[in-house]
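Chemist: Sharing a model prediction with you, sequence too.
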Amino acid sequence: MNLNQIIEKFSGIGEVESVSPLTSGLINQTYLVSTVGDKPNYVLQCINHNIFKDVDLLQHNIENVTGHIRKKLEERGETDIDRKVLHFLSTDEGKTYHFDGEHYWRVCVFIKGSKTLDAVTPETSYLVGLKFGEFEAMLSDMPEYLEETIPNFHNMEFRLKQLRDAVEANPAGRMEEVKDLVDEIEKDSYDMCVAERYYREGKLPKRVCHCDTKVSNMLFDNDDNVLCVIDLDTVMSSFVFSDFGDFLRSAANTSAEDEEDLSKVRFNFDIFKSFAKGYIESASCFLTPLEIEMLPYAVKLFPYMQAVRFLTDYINGDTYYQIKFPQHNLVRTKAQYKLYKEVSLKTQEMNDYISSVAK
């Protein structure tokens, strides 16, 4: 493909000096577009259409979110706003993406003097909690309901239905091997679906959430101050538990997601406290008492949900997640379920800590 021809479809880009791959990002193909002179540089992305089926909806959500954040920053009298919110370019047709007949492309301004961090420490976890709470707070009064870019992405009832369908069909003939594990997971299935029930009863709202909270989805300046949240593809309506629980599922796990030695899988409570403190400081302005009370549930929910998803894929014959060896998804399942059990042991301590910082 001729990347320069793609770049020319977007308005306002100056003379291109070079186009080079960027290594960060696991979902989309990403390139740095360097320009000549004083013009800014840009980030060119090929959107993964296999995951994001409705690109028009995807970009519509991103445009609404970035526009709303920019308006909030302007109202607050912030300076250097162009470094605190992403800005996507439009084509001559007025869209923030271009379809070349096979691939979907978009371009945003590269934020000069920015960097990402990958290290998970109590310090960075506090900053991530603070910033994602602020991100949700700024979007809490968005007038438009955002549709899901990945339908049922964090719907626990849906994920359990997928598991049950796999168990019934048993397409890879693996049920005899995992029957005890399925039975163990099913014991807590009712409790883990409480958010969906409360939502139907009108007790829990859905908010605009990022749904992929991690340290690397945030830009920092050279002094390690947070600039803005990035990777907005999964921004959609969800429970706040998505942003709170999913970060801690990976960040507070003392081992790898696919650790075979389950004795190494533990829950780092210091990371939990740092993230929770930052998040509640910035998000308590809009959270309901029930949402705050249920934050420990969120921490349990996400390793449980991921165990269900890995186990479903294993029973189905490894059709979704890439594997490196035949039992990879089963190993992942057991590691995530062990993390769920470790988190569950800390439920009362989490409740006590949340109560102490939410006063």
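Modeler: Perfect, I can see it now. Here the structure is a predicted model, which means the values were calculated and not measured.
Chemist: residues contacting the most centrally placed residue in the chain?
Modeler: The C-alpha lying nearest the average C-alpha coordinate of the chain belongs to residue 212 (CA atoms, centre = their mean; 0.7 Å). Residue 212 sits next to 231, 233, 234, 246 when contact means CB atoms under 8 Å, 6 or more residues apart in numbering. Any C-beta I mention is one placed from the backbone N, CA and C, and that applies to glycine too.
Chemist: Among these, which one sits closest to residue 50?
Modeler: Taking CB to CB as the measure, residue 233 is the one of the contacts of residue 212 closest to residue 50, at 12.6 Å.
Chemist: Among the contacts of residue 212, which one sits closest to residue 32?
Modeler: Nearest to residue 32 among these, with distances taken as CB to CB, is residue 231, at 15.8 Å.
Chemist: Apart from its neighbours in sequence, what residue is nearest the closest one?
Modeler: Leaving out its chain neighbours, the residue that sits closest to residue 231 by CB to CB, 6 or more residues apart in numbering is residue 217, at 4.5 Å.
Chemist: Checking my notes, residue 52 in a strand, right?
Modeler: No: going by DSSP: H, G, I helix; E, B strand; the rest coil, the assignment for residue 52 is coil, not a strand.
Chemist: Quick check: it touching residue 58?
Modeler: Yes: Residue 52 lies in contact with residue 58 (CB atoms under 8 Å); the separation is 4.9 Å.
Chemist: got any residues that touch both of these two?
Modeler: Joint contacts of residue 52 and residue 58 (CB under 8 Å, 6+ apart) are 149, 233.
Chemist: who's more crowded, the two?
Modeler: residue 58 (26 against 18; other CB atoms under 10 Å).
Chemist: Tell me the secondary structure at the more buried one.
Modeler: Residue 58 - assigned by three-state DSSP - is helix.
Chemist: was I right about it contacting residue 45?
Modeler: No: the criterion here is CB under 8 Å, and residue 58 misses it with residue 45 at 11.3 Å.
Chemist: and residue 104, what is it in contact with?
Modeler: 46, 47, 49, 55, 97, 98.
Chemist: right, I mislabeled it, should have said residue 136
Modeler: Here residue 136 is in contact with 207, 208, 209, 210, 240, 243, 283, 286 (criterion: CB under 8 Å, 6+ apart).
Chemist: farthest pair in the residues you listed?
Modeler: Once CB to CB is applied, those give 210 and 286 as the farthest pair, at 14.9 Å.
Chemist: ok, these two, which is more surrounded?
Modeler: Using other CB under 10 Å as the criterion, residue 210 and residue 286 rank with residue 210 on top: 27 against 17.
Chemist: quick revisit: which one of the contacts of residue 212 is nearest to residue 346?
Modeler: residue 246 (17.3 Å).
Chemist: Now do the closest one: how many residues are near it, please.
Modeler: So residue 246, with other CB under 10 Å, has 26 neighbours.
Chemist: Ok, residue 227 next?
Modeler: There are 18 residues near residue 227, going by other CB under 10 Å.
Chemist: so who does the nearest residue to residue 36 once chain neighbours are set aside touch?
Modeler: Spatially, and ignoring its direct neighbours in sequence, residue 36 is nearest to residue 15 (4.3 Å; CB to CB, 6+ apart). Residues near residue 15 by CB under 8 Å, 6+ apart: 35, 36, 37, 39.
Chemist: Write down the beta-bridge partners of the first one, one by one.
Modeler: Here residue 35 sits in beta bridges with residue 16, going by DSSP bridges.
Chemist: Pretty sure it sits against residue 19.
Modeler: No: Residue 35 is beyond contact range of residue 19, at 10.3 Å (criterion: CB under 8 Å).
Chemist: For residue 181, pull up the helix or strand it's in.
Modeler: Secondary structure assigned from DSSP states H and E places residue 181 in helix 175-186.
Chemist: How about residues contacting that helix?
Modeler: Contacts of helix 175-186 (CB under 8 Å, 6+ apart): 163, 167, 304, 307, 308, 311, 314, 315, 330, 333, 334, 337.
Chemist: same question, stretch 267-280
Modeler: Residues contacting stretch 267-280 (CB under 8 Å, 6+ apart): 120, 122-123, 125-133, 243-244, 247-248, 251-254, 287, 292, 295, 299, 339, 342-343, 345-346, 349-350, 353-354, 357-358.
Chemist: Separate out the buried members of these.
Modeler: 120, 125-133, 243-244, 247-248, 251-253, 287, 292, 295, 299, 339, 342-343, 346, 350, 353-354, 358 (16 or more other CB atoms under 10 Å).
Chemist: still on that earlier bit, among the contacts of residue 212, which lie within helices?
Modeler: residue 246 (DSSP state H).
Chemist: Identify the farthest-apart pair in the contacts of residue 212.
Modeler: Taking CB to CB, no two of those sit farther apart than 233 and 246, at 14.3 Å.
Chemist: show me where the chain has helices.
Modeler: 3-7, 55-75, 122-139, 156-169, 175-186, 189-192, 194-200, 241-251, 269-283, 289-293, 295-316, 328-345, 347-357.
Chemist: what angle separates the longest one from helix 269-283?
Modeler: Here helix 295-316 points in a direction 120 degrees away from that of helix 269-283 (axes from the mean of the first three to the mean of the last three CA atoms, to 10 degrees).
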